[in-house]
Each structure stands twice: as C-alpha cells, then as structure tokens.
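# Model the following, please.
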Amino acid sequence: MAQPDRRGGEPVPTHPLAVVSNREPYIHSRSADGSVAWSPTTGGVSVALDALMRERGGVWIAHGAGDADRLAVDDHDRVRVPPDAPAYDLRRIWLTDAEEHHYYEGFANEGLWPLCHVAHVKPVFRAEDWRVYQDINRRFAHTVHVELPDFPAPVFVQDYHLTLVPRFLRNLRPDARIALFWHIPFPHPDRLRICPYRREILEGLADCDLLAFQLERDRRNFLAAARAELGAKANGSGLQVGDRAMAVCAVPIGVDFDRIQTVTRSPTFAAEQGKLRRELRIDTALVGIGVDRLDYTKGIPERLSALDALFTRWPGLNRQLTFVQIAVPSRSTLGSYAAVEADIDRRVAAFNARHAREDGVGPIRYRKSALRMRRLAALYRLADLCIVSSLHDGMNLVAKEFVAAREDLGGVLVLSELAGAAQELTEAVIINPYDVEGFADGLQLALDMPAEERQRRMRALRRVVAGRDVFRWATEILEELENLDPRALPPAPGRLPGKR
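Here you go, the predicted model:
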C-alpha cells in the first residue's frame, strides 16, 4: 500500500526503509568545553538520503566516525536522528583505525575510486585492503540482517564501499529485497580489468534485485562487464545471472528541491546573504562561486587556470568580480588528496598575488570548510555564476542545488560536460575543463549574458531539477524494487521493471 506524496507527485510506499552506507548522516563530536555537539555531514548524497529517511522512517546503518558518536548511542549502538526532530534510527558500526585504513582509505578510495574516475590517478590494489574490505562488508550485511525493520522493508545499499553487502546479505536473508545505487561512474570493462577482484565485486552486485546507476553510460558498462566476466545473459533492460534475474536501470539522483525552497523563502534569508557577504569581504558587483570536496576529480586546478585566463584577458575584472571557492577537506591522509590540496593552496596564493587590486586584495576568497544548507543556499543566491568543472563525475549535486536555490531566476551555471549532471542540465553553459581558453570563453559568456537569456536558461533548468527531485529518484527505485517479482525476467528495454 502506498500513500500519496505530500508534494502531489508519485505515491510514496509506506514500508520503512533500511539505508546502508559507509557515511553517516549525522555526526557527534566534542566541543571545546567538553560537551557533545551534533552536525549533519556534508555532501549532496547524505543530504538527499536524509531527506528520504525523514519521509519514510526506518533505520540507517553506517560507520560511526565522530569522536563523540559512542556517547550518543544507546546500548544497541542506535541513536534517533535528526537530533532536533527525530524521524528514524541511526545504527552505527564501529571500525578500528586499521580497519578504516584498509577498507575505506585503501581499497575503496585508493583502489575503486580512481578505477571508476578517469582522472589520471593510478588505482592501487593490495591484498590486505581487500581482505579487510570483505570483512567490513560482511559486518554491514550482518547488521542489516539484525536491524531490518520488518519483513517487506526494502534494503537500499549505497555505493562502491559496500559492493559485497548484497551477496553476504542474500546468504543470511534469501528473501530480502535489495537495491544498490552506484553513485559514481562505473568503469568501462577494459578499465575494470585493472582490478584483480573484479569478479567478486560483480558477483556481489549481481545479488541485488535492482541495481541502479546515474547514467545510461554506466548501466551499459556494468552490463558489458557482467556478460564478459560472469557469463550473464542480457534480458530486456536487465540480466539473468545463473538462476536469478536482476533489473539494471539508470535513475539520476536529485536534490531536496522543496527543502531548499523553504530555506530561500525564510524571512531571515536576506540577512544571511548580507552576513555572508560581510564575512567573505565581498565588495564587488559580481560574484562567482565553486563548491567542492577537495578531490582530484573536481577540476579545481583547471578552474583556476580558466579564471586566470579570464582575468588576464579582461583588465580591471579584479575590481568587478570576487570568486568564492569553498573546498571541503576530504581523505586528506591519502597522498593523492594531500597533493591536490597543496597544489590548490599554491595556485590560489599565486592567483591572488598576480591579480591583486591596488589595495593588495586578491579576487579569490578561499575557505576550506563546509557550509550548512542555510548558508550554502545564501551563497548560491549571491552568485552571478556557479562553476562545476568536474573531470569525471557520476552526477554532481552542487549543480542541482545551485539551480534549486535560484528562485529569482538569476545566476548562470557553468558546467563541465564530463559531469553526469550535464546529461540533464543542458541549458547550462557547458565547458570542457581541459580546454583552458574555451573554459574562459564560457565564463565570459556567462558574465556577459543578458538578463533575459539568464532567466530563460534558469527557468528551463529549474523545471528539470524540480521534476526529478530526491523523492522521485528514491520512489522510482524503491517502488519498483517493492513491486518486482524476483522470479520474473526483467521487462522490455526502455522502462524500469514493474512500470506499466
């Protein structure tokens, strides 16, 4: 049974949900005075899934990484979240430093992450990392088995950290209904062959009832790899793997459009914008922004090169434009991440020295910290242009958040053609981040764009983002999972399983 969605869209199933992810949606940490404080974790995926869980209820199973996380849970390692308006259970799993090093930093982020992203960082695979990765995936699966809210509750596994959970859980709960969403690009079969454990990973994914990707490109890559490595048989839009049928689809993730609208319509929103302008010392008529994790896939050095070309060709722009770069530190213990962070630090300093105004102030305001949604939406609304210059991305929700925040129809999105979001947000100014001069041309086009053209493009972008928000994304996957007959072969191409 399903109830109507309160936004008037597709019905939302009433069953609670088990979400399984490496990253937790809320983190508890010690304050300077010794008290325990909480905060939401950053990143579009966490925000999107938290919105889903606040609607559905159930349990979210994740690694407890905060230094006060253990103080917040009960005797069963559970805590109700969000802390200020409890709606679902967060069940934390504990990892030792060594386990986190091998499972998360090692196999997931030195192996699978660069394998899946064409960003010219060599994947590294170590036997010990793989052993611990298997152990942690097995632990997650056992916890799901224990915590599953009720018999028909779907299990929604997230991403490349947990590729083996479906197989281990299937052994414990043969009747479980399992979906996994792969948030990042899925590599071409030729590239996947770099991984010595590719068969085991594919077998783990093949124990899903439904496997979903961001883009059709990624879905095709998985199908080709499963046929080549597992001898799977294509059947309609899915696969027959041994005696089991699985559905494989492409369903791009969205953002919580309504929640962002609520933030931007707040009576205090204009004051928040003014406060942010003062804090960032923005005293120019034009504002550009970039909001990223500090990751080599995000194209921040390429962005700085394009901005350098723009400021060089446009004398006096340093008195007209301030560029705000929010860069959230990530995986900084890994050499490849430390190197890109150091490179960006050097580039920003050199840029500001080269393009400083007469008073010595450079055009870039560089902040290495995350912003909560209220402040992030205020930053989005301040911007005349937002740059998303990914070298390779599954989606990139910053692009969609920026559009959702622009109810005023202002601002221009400058978007890399190598980000998954470019497949949907075609009214953005599309650039190639590797083409410095072409990238600079795109920035100049955005700044010179007449108001009528900006509004036309933003209106079209907002129709796309509002039409596929996080709830439609989740509902499309989970309704089909719940309606899927596991004995039936996947349907004909062109629609998700179960669609009529």
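
# quick one: the helices in the stretch 251-400 of the chain?
Taking DSSP state H, counting those that start in this stretch as the criterion, the stretch 251-400 of the chain contains helices spanning 257-264, 269-279, 300-313, 335-354, 373-382, 397-405.

# which other helices and strands contact the fifth one?
Okay, so that is helix 373-382. The contact analysis (3 or more C-beta pairs under 8 Å, 6 or more residues apart in numbering; DSSP states H and E) places helix 373-382 against helix 257-264, helix 269-279, strand 286-293, strand 321-328, helix 397-405. To be clear about C-beta, it is placed using only N, CA and C from the backbone, and glycine gets the same treatment.

# Tell me where the stretch 51-200 of the chain has strands.
In the stretch 51-200 of the chain, the strands defined using DSSP state E, counting those that start in this stretch lie at 58-63, 78-81, 88-93, 155-158, 178-182.

# Give me the residue ranges of the chain where confidence is low.
Within the chain, the stretches with pLDDT under 70 are 1-14, 42-44, 151, 485-500.

# how does it divide into domains?
The chain breaks down by automatic domain parsing into domains covering 2-253+472-483, 259-467.

# Measure how far the first one is from the centre of its chain, please.
Centroid separation between domain 2-253+472-483 and its chain, computed with C-alpha atoms, centre = their mean, to the nearest Å, is 12 Å.

# cool, the shortest one as well?
Relative to the centre of its chain, domain 259-467 is centred 17 Å away, using C-alpha atoms, centre = their mean.

# Phi and psi next, for the residue lying farthest from the centre of the chain.
Distance to the chain centre peaks in the chain at Glu358, reaching 40.2 Å (criterion: C-alpha atoms, centre = their mean). The phi/psi pair for Glu358 (degrees, to the nearest 10) reads phi -60, psi -30.

# which residues touch Asn352?
Residues in contact with Asn352 (C-beta atoms under 8 Å, 6 or more residues apart in numbering) are 361-364.

# Contacts only, for Glu437.
Glu437 makes contact with Ala309, according to C-beta under 8 Å, 6+ apart.

# any chance you could read off phi and psi for it?
Dihedral angles of Glu437 (phi, psi; degrees, to the nearest 10) stand at phi -70, psi -40.

# Quick check: it vs His76, distance?
Shown here: Glu437 relative to His76, a distance of 59 Å by C-beta to C-beta, to the nearest Å.

# thinking again about what came up before, buried deepest among the helices and strands packed on helix 373-382, which one?
Across the helices and strands packed on helix 373-382, the average number of neighbours (mean count of other C-beta atoms under 10 Å) peaks for helix 397-405, which reaches a mean of 28.

# got the contact list for that helix?
With C-beta under 8 Å, 6+ apart as the criterion, helix 397-405 contacts 44-45, 47-48, 253-255, 257, 260-261, 263-264, 291-292, 376-377, 380-381, 383, 386, 388, 411, 413, 415, 419, 421, 425, 428, 458, 461-462, 464-466.

# mind redoing it with 6 Å?
In this structure, residues lying in contact with helix 397-405 by C-beta atoms under 6 Å, 6 or more residues apart in numbering are 44, 255, 257, 260, 264, 291, 377, 380-381, 386, 388, 413, 415, 421, 425, 461-462, 465.

# and what of stretch 193-200?
Residues from elsewhere that reach stretch 193-200 (C-beta under 6 Å, 6+ apart): 115, 123, 125, 130, 192, 229.

# Which of these has the largest number of neighbours?
When neighbours are counted by other C-beta atoms under 10 Å, Leu115 leads the contacts of stretch 193-200 with 23 neighbours.

# Please look at it and Val121 and confirm they touch.
No: with contact defined as C-beta atoms under 6 Å, Leu115 does not count as touching Val121 (9.5 Å).

# phi, psi of Leu211?
Dihedral angles for Leu211 - degrees, to the nearest 10 - are phi -120, psi 120.

# Is the nearest residue to it once chain neighbours are set aside in a helix, a strand, or coil?
Nearest non-adjacent residue to Leu211, counting by C-beta to C-beta, 6 or more residues apart in numbering: Val248, 5.0 Å away. Counting by DSSP: H, G, I helix; E, B strand; the rest coil, the backbone at Val248 sits in strand.

# Look up how far Phe222 lies from Val248.
Using C-beta to C-beta, Val248 is found at 6 Å from Phe222.

# Pick out whichever of these two has more residues nearby.
Val248 (25 against 22).

# Check the gap between the more buried one and Arg227 for me.
Distance from Val248 to Arg227, counting by C-beta to C-beta: 11 Å.

# now His117
Computed as C-beta to C-beta, the His117 to Arg227 distance reads 23 Å.

# Same drill for these two, tell me which one is more crowded.
His117 (22 against 15).

# If you count neighbours, what's buried in the strand or helix carrying Ala224?
Using DSSP states H and E, Ala224 sits within helix 216-230. By neighbour count with 16 or more other C-beta atoms under 10 Å, helix 216-230 contains the buried residues 218-226, 229-230.

# So which of those residues is the closest to Gly299?
Taking C-beta to C-beta as the measure, Gly299 sits nearest to Asp218 out of the buried residues of helix 216-230, at 19.4 Å.

# Identify the residue spatially nearest to the closest one, adjacent ones excluded.
Nearest residue to Asp218, sequence neighbours excluded (C-beta to C-beta, 6+ apart): Phe186, at 4.0 Å.

# Could you check how far that neighbour is from Gly394?
Distance from Phe186 to Gly394, counting by C-beta to C-beta: 9 Å.

# Would you mind measuring the gap between the ends of stretch 365-374?
This stretch, stretch 365-374, spans 19 Å end to end (C-alpha to C-alpha, to the nearest Å).

# Provide the contact partners of that stretch at residue level.
With C-beta under 6 Å, 6+ apart, stretch 365-374 has contacts from 42, 263, 280, 324-329, 348.

# Could you tell me which residues within it count as buried?
Within stretch 365-374, the residues that qualify as buried are 365-366, 370-371, 373, counting by 16+ other C-beta under 10 Å.

# out of these, which one sits closest to Pro25?
Distances from Pro25 to those, taken as C-beta to C-beta, are shortest for Met373 (12.9 Å).

# The closest one and Val20: what is the separation?
To Val20, Met373 is 24 Å away according to C-beta to C-beta.

# Using JSON lines, lay out the contacts of stretch 193-200 together with distance to Asp209.
Shown next, in JSON lines, are the contacts of stretch 193-200 (distance: C-beta to C-beta, whole Å):
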{"residue": "Leu115", "distance to Asp209": "25"}
{"residue": "Pro123", "distance to Asp209": "29"}
{"residue": "Phe125", "distance to Asp209": "29"}
{"residue": "Trp130", "distance to Asp209": "26"}
{"residue": "Leu192", "distance to Asp209": "22"}
{"residue": "Glu229", "distance to Asp209": "20"}
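
# circling back to that earlier point, measure the residue nearest to Leu211 to Leu239 for me?
In terms of C-beta to C-beta, Val248 sits 6 Å off from Leu239.

# got it, and Glu452?
Counting by C-beta to C-beta, the gap between Glu452 and Leu239 amounts to 48 Å.

# quick one: which of the two has more around it?
Using other C-beta under 10 Å as the criterion, Glu452 and Leu239 rank with Leu239 on top: 23 against 8.

# List the contacts of that one.
Neighbouring residues of Leu239 by C-beta under 6 Å, 6+ apart: 226, 232, 246.

# Quickly name whichever of these is closest to Leu52.
Once C-beta to C-beta is applied, the member of the contacts of Leu239 that ends up nearest Leu52 is Met246, at 22.3 Å.

# Run through the residues that contact the closest one.
Met246 neighbours (C-beta under 6 Å, 6+ apart): 208, 238-239.

# Out of those, which sit inside strands?
Of the contacts of Met246, the ones assigned to strands by DSSP state E are 238-239.
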